[in-house]
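Visitor: A structural model of the following input is requested.
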Amino acid sequence: MELYAFNPGPLDDSVLYDQEKHVSSAVWEGQERGALRCHEHTSKLNQWVLTQKQIEYIDKAGFGYLKFIPAISIDNPLISALVERWRRETNTFHLTVGEMTVTLEDVAYLLGLSIDGEPVIGVTYTSCDAVCERYLGKAPDSGYTSGGMVKLSWLKECFSRCPANASVEDVKRYTRAYLLYLVGSTIFSTTTGNKVPVMYLPLFEDFDHCAKYAWGAAALAFLYRALGNASLRSQSTVSGGLTLLQCWSYLHLNIGRPKLPQDSYYDNFPLVLRWKGKQSGPTTNRDITFYRKALDSLKPADVDWFPYQNIDPMVIPDDIASSLIPARSKTMLICFDKAERHLPDRCVRQYGMPHQPIPESVDRWERKSRGVDGGVDLSGKMELELKEWSERHFHLLRSGENVDDSKYMHWYLRITRRFVGRPIPLASEFQRMNATLREVAHIADTMSLQGLDNEQIHSITRIRYVVHECLRDQAGSVVTVAASPSPENENCNKRGSRGKEKVRRKGTGMGKRRRKDELEQCEEDIISRELIPNYAATGIEYVEQMHHHHHPDNDGLVNDDQLPCYTDVANVNEQEMDESHLCISVNEVVGLQEDGVVTAMASCDGLQPSDFVDDRPLSDEDTKFDDDENGLVSGFADQDEPSELSDEEDTKVDEHGANLIQREDNISSPHHDSSEMAMEVLPHSSHVTIQDISRDGN
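Guide: Purely as a prediction, here's the structure:
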């Protein structure tokens with residue numbers, strides 16, 4: 001657990017190379033997207049009234065079992081948690097026990113669709129009128145179409161009840177409309193939620209030939225693509241055969257599984273009918289966090305790798321049993337422009353094999369977005385994918401020799417994403433990271449650089465700069481989280497409390513260039529003068545120190561362009577923060593002279609913000625966060641969304657104060673009284689000249 005507590009993986013990114021795009025990265029950073037919107041429309045299938053002749057045509061076309069698909073209530077949190085475990089690099093779920101996936105065999109058993117035959121591919125359309133007129137006998141109004149898609153509601157309104165005296169051709173048209181509605185609301189449901197592409201209609205022209213297509217393989221290709229898209233951190237919807245996915249989970253995983261109804265459907269085919277009717281079981285109050293934690297702690301005892309071994313063989317129809325050979329094929333699945341890899345070698349235990357060997361590497365392939373120009377036959381653009389499907393019988397999974405599961409798990413735990421949710425709360429991890437950075441800063445700041453060459457000084461200076469930059473950038477998140485919200489930010493915090501955390505972003509180009517310039521200037525000054533500052537041990541925000549040095553050419557003072565870039569830092573103690581005051585205490589400021597080190601002590605306890613605040617207006621860059629560069633994320637445990645601190649807010653900061661302090665140290669100068677001191681709180685560190693200080697004093 002300790003290995004993954006702060007690094008959920010992958011430790012080796014050779015397999016999961018798209019981790020940064022995956023939703024699990026966003027969840028780990030505290031950017032919750034909530035449950036996905038699931039698009040499937042089985043609930044209205046029973047509103048179609050089919051004649052006996054229509055049923056015969058449907059059976060002949062190969063959809064005799066799919067028409068029985070029950071109107072199961074989709075468990076959005078369960079689907080969403082599964083999507084967080086889906087990896088498009090391997091087309092598998094990455095679980096704690098190993099990889100699993102929805103296989104061709106699952107499709108055959110659960111939906112009763114053919115998984116062998118011709119690929120589902122054909123001509124695409126950008127307009128519905130011509131193809132609907134030809135295959136349905138009428139075209140929809142413009143309000144029911146969108147490009148090459150037609151609304152499901154139009155199909156149901158016009159074709160859900162076939163007249164008793166309809167001609168043979170009309171019965172076929174009504175049947176084609178039903179088949180288009182059936183696939184569009186189940187296995188090929190789109191993220192639009194209520195439309196289906198008309199490109200499937202030509203495949204329903206001849207019902208006998210329609211049965212020769214591998215509709216099950218197409219349904220799986222469509223589901224793979226939908227899961228891959230939904231697994232990206234930028235997505236909020238999921239489509240495809242979600243009833244298939246949910247029932248697959250019920251079969252294989254003991255998570256959220258309802259009790260099976262004790263009726264005649266228990267042993268009927270297809271197996272999805274097991275969950276027809278009202279479900280029983282504690283399904284209320286199960287959100288995505290519940291399922292995420294369940295999947296993160298999944299045990300081998302919770303997995304049924306091969307649930308079909310106990311099924312009565314008499315229940316499986318002969319046409320389905322005879323087409324199961326390609327279920328173990330390592331091949332390309334095709335559904336028009338969607339081509340996805342089927343990789344059974346990554347989950348051999350789902351085929352009844354006891355041990356999982358380390359699978360072969362998966363060649364990276366680009367999911368191309370092929371054009372959908374009207375009248376374009378995609379067969380001419382997918383020669384390689386079609387060739388791989390045609391050779392599927394030559395790439396069947398074979399039973400291998402006995403292997404050691406421990407070798408597989410040792411390999412798997414290095415290449416997988418071990419956790420989606422955090423085993424340790426985000427706030428605790430933040431505090432631990434902060435403490436580690438402070439320790440590194442202390443070591444670097446107190447390290448003696450005497451006798452080191454320029455390259456060594458450069459390296460240590462770089463370490464100091466980077467660590468203090470990290471500490472400074474994190475200061476805003478600590479102060480913001482702990483501070484009491486101002487009235488104008490109250491609505492923002494209310495939104496955060498509803499779990500809709502948002503991270504404010506800013507352009508980072510200017511900030512990065514400025515910081516680079518600061519670092520280079522700091523290095524040049526240190527190297528040229530071999531002045532090595534003694535920094536404060538710990539802290540978060542920069543404290544610019546204006547040191548006065550003797551200089552023979554400048555009346556005892558160093559010019560402002562000669563001042564070295566020293567940094568000092570201060571800690572934030574969250575326990576000392578309240579809503580009333582902003583008090584800053586500076587314990588120690590160390591200044592350097594060419595002939596030695598002089599230490600000055602100053603105490604500022606009890607001072608008010610008005611004593612320090614600079615009157616300059618804050619820029620957008622001063623008041624925004626950049627989660628990518630600074631590591632600031634929303635969604636801290638049990639805390640509202642971070643809000644900005646306004647100039648008027650009353651916030652108390654302890655002696656380690658996180659606000660930036662600009663200070664003029666009158667140290668060992670014959671022209672200044674060392675007891676006098678000018679200080680101001682600034683939003684960011686900057687190079688303040690002697691002239692600036694004098695002008696501000698006046």
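
Visitor: beta partners for residue 335?
Guide: On the basis of DSSP bridges, residue 335 is bridged to residue 120, residue 338.

Visitor: which stretch of helix or strand covers the spatially closest residue to residue 53 that is not a sequence neighbour?
Guide: In space, and not counting its chain neighbours, residue 53 is closest to residue 171: 5.3 Å by CB to CB, 6 or more residues apart in numbering. (C-beta placed from N, C-alpha, C; glycine too.) If you go by DSSP states H and E, residue 171 is part of helix 168-185.

Visitor: counting contacts, what elements does that helix pack onto?
Guide: When contacts are defined as 3 or more CB pairs under 8 Å, 6 or more residues apart in numbering; DSSP states H and E, helix 168-185 packs onto helix 52-60, helix 129-136, helix 152-159, strand 195-197.

Visitor: pLDDT below threshold where in the protein?
Guide: Applying pLDDT under 70 to the chain flags residues 1-6, 261-267, 278-285, 369-373, 400-401, 425-426, 429, 474-698.

Visitor: ok, back up a step: the helix holding residue 171: which residues count as buried?
Guide: 171-185 (16 or more other CB atoms under 10 Å).

Visitor: Residue 471: how many residues sit nearby?
Guide: By other CB atoms under 10 Å, 25 other residues sit near residue 471.

Visitor: likewise residue 202?
Guide: Residue 202, neighbours per other CB under 10 Å, totals 16.

Visitor: Also residue 436?
Guide: 12.

Visitor: so how far is residue 28 from it?
Guide: Using CB to CB, to the nearest Å, one gets 18 Å for the distance from residue 436 to residue 28.

Visitor: Could you do residue 454 as well?
Guide: Taking CB to CB, one finds residue 454 at 40 Å from residue 28.

Visitor: So which of those two has more stuff around it?
Guide: More crowded of residue 454 and residue 28, by other CB under 10 Å: residue 28, with 21 against 12.

Visitor: Against residue 204, how distant is that one?
Guide: In this view, residue 28 and residue 204 are 45 Å apart by CB to CB.

Visitor: cool, residue 154 as well?
Guide: Plainly put, residue 154 is 17 Å away from residue 204 if you go by CB to CB.

Visitor: Could you do residue 375 as well?
Guide: Between residue 375 and residue 204 the distance is 18 Å, computed by CB to CB.

Visitor: Compare these two (neighbour count), which wins?
Guide: residue 204 (24 against 10).

Visitor: wait, what's in contact with the more buried one?
Guide: Applying CB atoms under 8 Å, 6 or more residues apart in numbering, one finds that residue 204 lies in contact with 61, 135, 175-176, 179-180, 210.

Visitor: out of those, who's nearest residue 49?
Guide: Of all the contacts of residue 204, residue 49 sits closest to residue 175, with 12.6 Å by CB to CB.

Visitor: ok, and the closest non-adjacent residue to that closest one?
Guide: Residue 175 sits nearest to residue 57 (CB to CB, 6+ apart), 4.4 Å away.

Visitor: Helix or strand for the closest residue to residue 11 other than its chain neighbours, just tell me which one.
Guide: Once flanking residues are discounted, residue 11 sits nearest to residue 414: 4.7 Å by CB to CB, 6+ apart. Here residue 414, judged by DSSP H and E, is contained in helix 405-415.

Visitor: Can you name the residues in contact with that helix?
Guide: Applying CB under 8 Å, 6+ apart, the external contacts of helix 405-415 come out as 9-16, 98-99, 355-358.

Visitor: what do you get if the cut-off is 7 Å, keeping everything else the same?
Guide: Under the criterion CB atoms under 7 Å, 6 or more residues apart in numbering, residues 10-12, 14-16, 98, 355-358 lie in contact with helix 405-415.

Visitor: List the buried residues of it.
Guide: 405, 408-409, 412-415.

Visitor: Ok, stretch 16-28 next?
Guide: Buried-residue list, stretch 16-28, by 16+ other CB under 10 Å: 16, 19, 22-28.

Visitor: Now do residue 152: how many residues are near it, please.
Guide: So residue 152, with other CB under 10 Å, has 21 neighbours.

Visitor: distance of it from residue 382?
Guide: Applying CB to CB, the value for residue 152 to residue 382 is 28 Å.

Visitor: Residue 151 too?
Guide: Counting by CB to CB, the gap from residue 151 to residue 382 is 28 Å.

Visitor: if we can go back for a sec, just to check, the residue nearest to residue 53 is in contact with residue 54?
Guide: Yes. Using CB atoms under 7 Å, residue 171 and residue 54 qualify as a contacting pair, with a distance of 6.3 Å.

Visitor: Name the residues contacting each of those two.
Guide: residue 162.

Visitor: buried ones in stretch 357-367?
Guide: By neighbour count on 16+ other CB under 10 Å, the buried set for stretch 357-367 is 357, 359.

Visitor: Would you double-check that residue 333 falls in a strand?
Guide: Yes. Judged by DSSP: H, G, I helix; E, B strand; the rest coil, residue 333 forms part of a strand.

Visitor: quick one: it and residue 342 touch, right?
Guide: Yes. Shown here, residue 333 and residue 342 form a contact pair, counting by CB under 7 Å, at 5.2 Å.
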